[in-house]
Every structure is written in structure tokens, then in C-alpha cells.
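In: Quick one, fold the following:
(one chain, ligands or ions: 1)
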Amino acid sequence: MTPEELLALDAEHVWHPYAPMPGRVPPLLVSEAEGVRLRLADGRELVDGMSSWWSAIHGYRHPVLDAALAEQAGRMSHVMFGGLTHEPAITLAKTLVDLTPEGLRHVFLCDSGSVSVEVAVKMCLQYWRSQGRPGKRRLLTWCGGYHGDTFHPMSVCDPDGGMHALWRGVLPDQVFVPAPPAGFDAPADPSYVDEIEEAVARHADELAAVIVEPVVQGTGGMRFHSPAYLRVLREVTERHGVLLVFDEIATGFGRTGALFAAEHAGVTPDVLCLGKALTGGYLTMAAALCTAEVAHGISAGDLPVLAHGPTFMGNPLAAAVANASIGLLREGDWAADVRRIERGLREGLAPAARLPGVVDVRVLGAIGVVQLDHEVDMAKATRVVTEHGVWLRPFRDMIYCMPPYVTRNTDVAAITAAMVAAATVS
Ligand SMILES: *Cc1c(COP(=O)(O)O)cnc(C)c1O
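Out: Just a heads-up that it's a prediction; the model follows:
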């Protein structure tokens, strides 16, 4: 089929994310991707500033990841995980326990980030049920978050951005505190700390858990906050008998400059969600890790099993490529790459701060954000960045990037130039 025929069929039948049907803006047709470049069907090449939504940290068609996948496909692509197990999943679980903050011991593998959040919530609710406290089933979070698109995760997304008004009466009613004050390096605001402590204390009897994205709130607004608030959450949840869940689906595997964002605060949550970069962007897989206390608490109850079991749980292909991706992180110097990209983003985005309509420019690790005082004209911004040979997906009032860690300095400069240009025309 010609590109035109394919795009006509796409418009006719294919529903794209966060889009009406039929879509308003035709998508770009990608035929191949290699390294940090997407090759379009019309021959153009674009530097991918998005890592396919935080996930392709080593770039596309990495020979080591390709080989791991081919090798595993030669043994078995999938077997059910009920009653059966296999080396790729066992190795992955052990590796995740070794790499994540001390104290997380048990790993539940599942299909996607949203499902891992569902599992994390289920673990927390079931933990309290097993303790004879079934009334503890609400969640507390701060505004500005994003935890996925299935229903329980939606209930803890930012109430405005998450369109809670649309789902009133459908979503469980959670407890919200204001968004954390902005700034990774900003000192903790004592009145905000009081506010969190007071809210957790007031709702402790009905709270199963506090759930937050540590350090970086991603899709909810690309905001950074001080790790000090995570230490406050750890302390206050412990004091009031509430579990703490960190959603590191976006921040995990080095993106913020630490292997896991929890490390910036030096705290261990009771439950940790991982996804996105887990497989280096090759296949969908996520994980919910928990402490021995959570696992044993559930297993000591009158319903001692965690009642969850996705068909493709522990998928061997995904586990094998995840092991290979983590291997690349362990053998390479991802931290130096992230620092190098951070410097390139700071330097390249600095001119954007002087543009009219730009309210903030911020960089943390391999994440760069230009925030405007108005909604980005997505069609116009997309045209400008692609003319600069770059792929970005601005949303709301933000033009942002999180490039693969293998992005060279010249390509980082192309990404920042495209962002500045987009901010100029938007
Ligand atoms: C992307 C994301 C999710 C949802 O993951 P999916 O794999 O898209 O279901 C959840 N939480 C955070 C922080 C995310 O960035």
C-alpha cells in the first residue's frame, strides 16, 4: 500500500490516543526507527525527543535488545504464569529487588503502567482488609498527578486534568491536597508540610495509602518538587498507619538523574510501580513491587491471595528484553549521559526563557520543559518541530522533551532548537 492509502485507512479505522474518531490532525507515518531517529514513510528523518513516551531510553533497534528478543523468541514467546515460571521473569524480579530501594522484596509483573497502579491499589486495600480494617480504602494524593487511564488510576490523576467532572459518580472519591510547591531545589515549605500532615492525620482511619509520583509529576504537568516532601510523606504515613505508594513509571531507570527518583529522598515506599522504560521501550510490561510486610499482611488474611492475574503476566519476551535493557544500564554510564543531556538542555533552552509568552523553563535530568502562558497550538508546533527535523508532542501549555540517553550533543541541540522555535511560534 502507498503511504496515502495507509493514512486513508488509518483515518477511517484507527483510533489514536486522546483523539476523537476520526482524528483532526493526521498522524505521521513511521516506517522504521534506528538509534534516536524515526524514519517516516515520505523519507524524512526525525530525532525523537520523546523516547516514545519515556520508554526508549537506549534508542531504537539496539543490537543488544534486538538480540535478546530474538534469542528469547527462539525458546518461547509466552507461557501462562499461573503454575508455571521461567528464567527471564525470575531474573527480572531478582534484579528489580536488587536495584530498587532497600526493603522492596516481592514483585508482581503485569501488562502496563495503569495495571501496575491498579495492582498497587489492590495490594493496599487488601492489606488493610486482611488487618481487619476494611474501612481503610480511600487514597490520598496531591494535585497535578498522573497515574494512568484505567478507572482507579484516573481517580488519583489531577482532578482538573484528569477530567474528574466528566466521571463524577463513576470514579472513587479520593482525598486531594494541593500540588507540591514547585522546584527540585526549593526548600520545603513548612506550611505545605503542615497541610500534608494534617490531611493524612484527619483521614487516617479511611486511608489505605498515599500515592504520588516522586520528584517529577509527569503527564499531569511536568512539574518538579523537592524530595523533602517525600521524606515528610514517609514519616507521616508511618506515624498514622497509612501505606505509601510511589509511582515511578515515568521516573524509573535513570530519567531524573538517579536510578529511581525515591533515591533523591532516600526513602523506601511500601509499594513501587515501574513501567515505561522497564523494557527499554520494546514491549509493554510493568511491575508493582512491595515490602515483605505488605505481602505477608495480605497473605495472612482470610482471603490470602492477591486476586490478580493478567493473561500475559511475566511475558518472557518482555522480561528478556527488560533484563537486557537493565543490563545496558548497569554496564554503561547512563548517569554520565543523563548529566550530559541535562547540561545540553539547560544551555539550549535558556534562550526560551526570554521569549514572550514563556512562563517557565525547567530541566531535571534528561527532562526539559518550556511552559507557556497559553495552550500550545499543537498543529503549528508539530509543523515547526518537524521542520527542525525533530519529533516532539507538546500538550496543554507545555513543549517538553525526554530524549533517549544515547542522544548525542548535536541531536540534543537540534531538540532544544526545535523547542525554542515552537515556543516562538506558539
Ligand atoms: C504513563 C504513566 C502511567 C500509565 O502507564 P501506561 O503504561 O500508559 O498504562 C502511570 N503512571 C505514570 C506516572 C505514568 O507516567
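In: give the contact list for residue 43.
Out: Shown in contact with residue 43 (C-beta atoms under 8 Å, 6 or more residues apart in numbering): no residues. Backbone N, C-alpha and C define where each C-beta goes, glycine included.
In: Give the rounded mean pLDDT of the helix or strand hosting residue 115.
Out: In this structure, residue 115 is located in helix 113-130 according to DSSP states H and E. For helix 113-130, the per-residue pLDDT values average out at 97.
In: anything in that helix near the ligand?
Out: Yes: for helix 113-130 and the ligand, the contact criterion (C-beta under 6 Å from any ligand atom) is met by 113, 114, 117.
In: Tell me the helices and strands packed up against that helix.
Out: Helices and strands touching helix 113-130, as assessed by 3 or more C-beta pairs under 8 Å, 6 or more residues apart in numbering; DSSP states H and E, comprise strand 104-110, helix 151-155, strand 207-212, strand 243-247, strand 271-274, strand 286-291, helix 292-299.
In: The helix or strand following the longest one packs against which elements?
Out: Towards the C-terminus, the helix or strand next in line after helix 292-299, according to DSSP H and E, is helix 316-331. In this structure, helix 316-331 packs against helix 63-73, helix 87-99, with contacts taken as 3+ C-beta pairs under 8 Å, 6+ apart.
In: and whichever helix or strand comes after helix 316-331, which residues are buried?
Out: Counting by DSSP H and E, the next helix or strand C-terminal to helix 316-331 is helix 334-349. Across helix 334-349, burial judged by 16 or more other C-beta atoms under 10 Å covers 334, 337, 338, 340, 341, 342, 344, 345, 348, 349.
In: Give me the mean pLDDT for the helix or strand following helix 334-349.
Out: Going down the chain from helix 334-349, the next helix or strand is strand 358-364, by DSSP H and E. Average pLDDT, strand 358-364: 98.
In: which helices and strands does strand 358-364 pack with?
Out: If contacts are counted by 3+ C-beta pairs under 8 Å, 6+ apart, strand 358-364 sits against helix 334-349, strand 367-372.
In: contact partners of it?
Out: Under C-beta under 8 Å, 6+ apart, the answer for strand 358-364 is 184, 215-216, 222, 224, 256-257, 342, 345-346, 349-350, 352-353, 368-373, 397, 423.
In: same check, this time on stretch 345-356
Out: Taking C-beta under 8 Å, 6+ apart as the rule, stretch 345-356 contacts 358, 361, 363, 366-368, 370, 401, 412-413, 415-417, 419-420, 423-424.
In: Between the two ends of it, how far is it?
Out: Stretch 345-356 has an end-to-end distance of 20 Å (C-alpha to C-alpha, to the nearest Å).
In: same check, this time on stretch 168-188
Out: With C-alpha to C-alpha, one end of stretch 168-188 sits 33 Å from the other.
In: For that stretch, buried residues please.
Out: 171, 174, 175, 176, 177, 179, 180, 181, 184.
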